[in-house]
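**Student:** One predicted model, sequence on top.
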Amino acid sequence: MEWFRKAKSGIGTLIKKDTPADLWVKCDGCKEVLYRKELAQHLHVCDHCGHHFRIGAAEYVRILVDAGTWFPMDTTLRSVDPLKFVAKKKYKDSIQEAEKKTGAASGVLSGTGKIEGRPVALGVMDFRFIGGSMGSVEGEKIARVFRKALRDKVPAIIVSASGGARMQEGVLSLMQMASTSAEIARMRDAGLPFLSILTNPTMGGVTASFAMLGDVHIAEPGSLIGFAGERVIRETIRQQLPPGFQRAEFLLEKGFVDLIAPRPELKATVARVLGHLYPG
């Protein structure tokens, strides 16, 4: 912090320069106050408790993909408002706000690259874009990741971060569950592996379709993974639910998830799994 002495009318005054408000962030896990620059150096993982902060799609690409090997796909695909949907705000306004916030045209970043020298087709969902919801464009981009993997005969990887299907597009959004699942069936027929990486949160129609159809499911620690929310389930079945029943650690214990990989180990874990599934 910088201080300087201001002289006025012969009176010495210490004046503190304003500190930017976004230099620090409180950890949701341990409530420790963290310096943002140091947090970024640790891949947005709290070095006190291991809490994984939510990050954007581009950051996952930087973490996973070898430098200089990333080639984006379908960057011009853009969401539209086919139903002219209006609730508290117009759907088209929500799209414009999300585009301005993220600098992206949709909630999925897709492309090809290499992970420790192994070529892959990769799609990453971005929760900042309307809650990572899966609309027509997001579903199509994910389906195209699988099609690209089939053409190039390489593994496919999808990093999920989503609240579910995007209801502002109605059945057009729900159709993406079937579309992406059909492409995964083609991957299986071709003997090509699909790795599903589950981050916080992975919910709704995304969980009910491609996110849980991987050959291997890798989750980040503490990720919320499920279909409906806890309150809806509790009120439906009218039973007490186990603590943390939708968290990655509980799901690993029950066999719903295969591996939990902390973010600093994610790339090495993915490369190791690919080496076993597709050594060629």
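**Tutor:** All right, it came through fine. Numbering: from 1, shown residues only.

**Student:** rest of the way, CA atoms for contacts and neighbours
**Tutor:** OK.

**Student:** Contacts only, for the residue nearest to Val154 when sequence neighbours are not counted.
**Tutor:** Residue nearest to Val154 in three dimensions, not counting chain neighbours: Val120, with 5.5 Å by CA to CA, 6 or more residues apart in numbering. Taking CA atoms under 8 Å, 6 or more residues apart in numbering, we find Val120 in contact with 112-114, 149, 154-157.

**Student:** who does Val120 bridge with?
**Tutor:** Gly113 (DSSP bridges).

**Student:** Can you give me the separation between it and Phe53?
**Tutor:** According to CA to CA, to the nearest Å, Val120 and Phe53 sit 26 Å apart.

**Student:** pLDDT of whichever strand or helix holds Gln96, averaged?
**Tutor:** Element membership of Gln96, judged by DSSP states H and E, is helix 91-102. Summarised as a single mean, pLDDT over helix 91-102 is 95.

**Student:** For the stretch 1-150 of the chain, which segments count as helices?
**Tutor:** Ranges of helices within the stretch 1-150 of the chain are 36-41, 57-64, 91-102, 136-152, based on DSSP state H, counting those that start in this stretch.

**Student:** and the second one, what other elements does it pack with?
**Tutor:** In other words, helix 57-64. In terms of contacts (3 or more CA pairs under 8 Å, 6 or more residues apart in numbering; DSSP states H and E), helix 57-64 is packed against strand 108-115, strand 118-125, helix 263-277.

**Student:** on that earlier part again, ranking by neighbours, what's the top pick from the contacts of Val120?
**Tutor:** Of all these, Ala156 has the most neighbours under the rule other CA atoms under 10 Å, reaching 27 neighbours.

**Student:** dump the residue contacts of that one.
**Tutor:** Ala156 makes contact with 120-122, 145-146, 149, 192-195, according to CA under 8 Å, 6+ apart.

**Student:** got the phi/psi numbers for it?
**Tutor:** As for Ala156, its main-chain torsions (degrees, to the nearest 10) stand at phi -110, psi 140.
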